[in-house]
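**Q** Next come a sequence and a model predicted from it.
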Amino acid sequence: MTNINLRKIYEDALNDPELMGTLDIDTILDTLENNENDYLENLTFEKIQKDVYDALVDVGVPKPNIPKLCASLAGYRYVDEICNLHKGKYVRWIRRNKPGELTKGCKVVDIKFANTGICVLCITNIGRFMQYRYDDCITFQKLEIEEQLILMAYDHIAK
């Protein structure tokens, strides 16, 4: 994968104390018991990083911009199917006609299926609603702590 050290970017993000929050063990255990995380089955952080990298290459992001975007997307997963896009979670996207321009992002409120395609309705941090066409963008969704713990378990099993 060229000379980008994705593992280093991932390790730096993992060791950043500002990214760590307080853990609610009961919520984590409940999350593990339900089937809502089937989309993570057999995934590892390395596979997620590779998916992000491949998505950036496929959309035509210039090679010099890829390391910076990979660093910005540490802790995000590429959403290649609309069924894996979850309401209430933070997303960022890149428009296919403007590769290399990563949005600041917002939280998904609703997903609309219209005659013109799939629209994702979001709310920004300042309470402004906006929407984007899913079909015209590549979407990345932030991994929540529970999802990261599940992936850590899969990483441990894979070793």
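**A** Thanks, I have the structure now. Quick caveat: nothing in here was measured; it's all calculated off a predicted structure.
**Q** measure the spatially closest residue to residue 79 that is not a sequence neighbour to residue 106 for me?
**A** Nearest non-adjacent residue to residue 79, counting by C-beta to C-beta, 6 or more residues apart in numbering: residue 139, 4.4 Å away. Yep, even glycine has a C-beta here, placed from its N, CA and C like the rest. Distance, residue 139 to residue 106, by C-beta to C-beta, to the nearest Å: 12 Å.
**Q** hey, what's in contact with both of those two?
**A** Residues touching both residue 139 and residue 106 by C-beta atoms under 8 Å, 6 or more residues apart in numbering: residue 91.
**Q** Kindly confirm whether my reading is correct that residue 43 touches residue 152.
**A** No: at 11.3 Å, residue 43 does not count as touching residue 152 under the criterion of C-beta atoms under 8 Å.
**Q** Neighbour count for these two, which is higher?
**A** residue 43 (18 against 13; other C-beta atoms under 10 Å).
**Q** Would you map the helices across this structure?
**A** Here the chain has its helices, by DSSP state H, at 6-14, 25-33, 45-59, 66-72, 145-158.
**Q** rank these by pLDDT, which is bottom?
**A** In terms of average pLDDT, helix 25-33 trails the rest of the helices of the chain, at a mean of 58.
**Q** Now for the closest residue to residue 62 other than its chain neighbours: which residues touch it?
**A** Among residues not flanking residue 62 along the chain, residue 100 sits closest, at 5.8 Å (C-beta to C-beta, 6+ apart). By C-beta under 8 Å, 6+ apart, the contact set of residue 100 is 61-62, 65, 69, 94.
**Q** out of the residues you listed, which are buried?
**A** By neighbour count, with 16 or more other C-beta atoms under 10 Å, those hold 61, 69, 94 as buried.
**Q** any chance of those residues in CSV, plus distance to residue 144?
**A** Shown next, in CSV, are the buried ones among the contacts of residue 100 (distance: C-beta to C-beta, whole Å):
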residue, distance to residue 144
61, 26
69, 21
94, 21
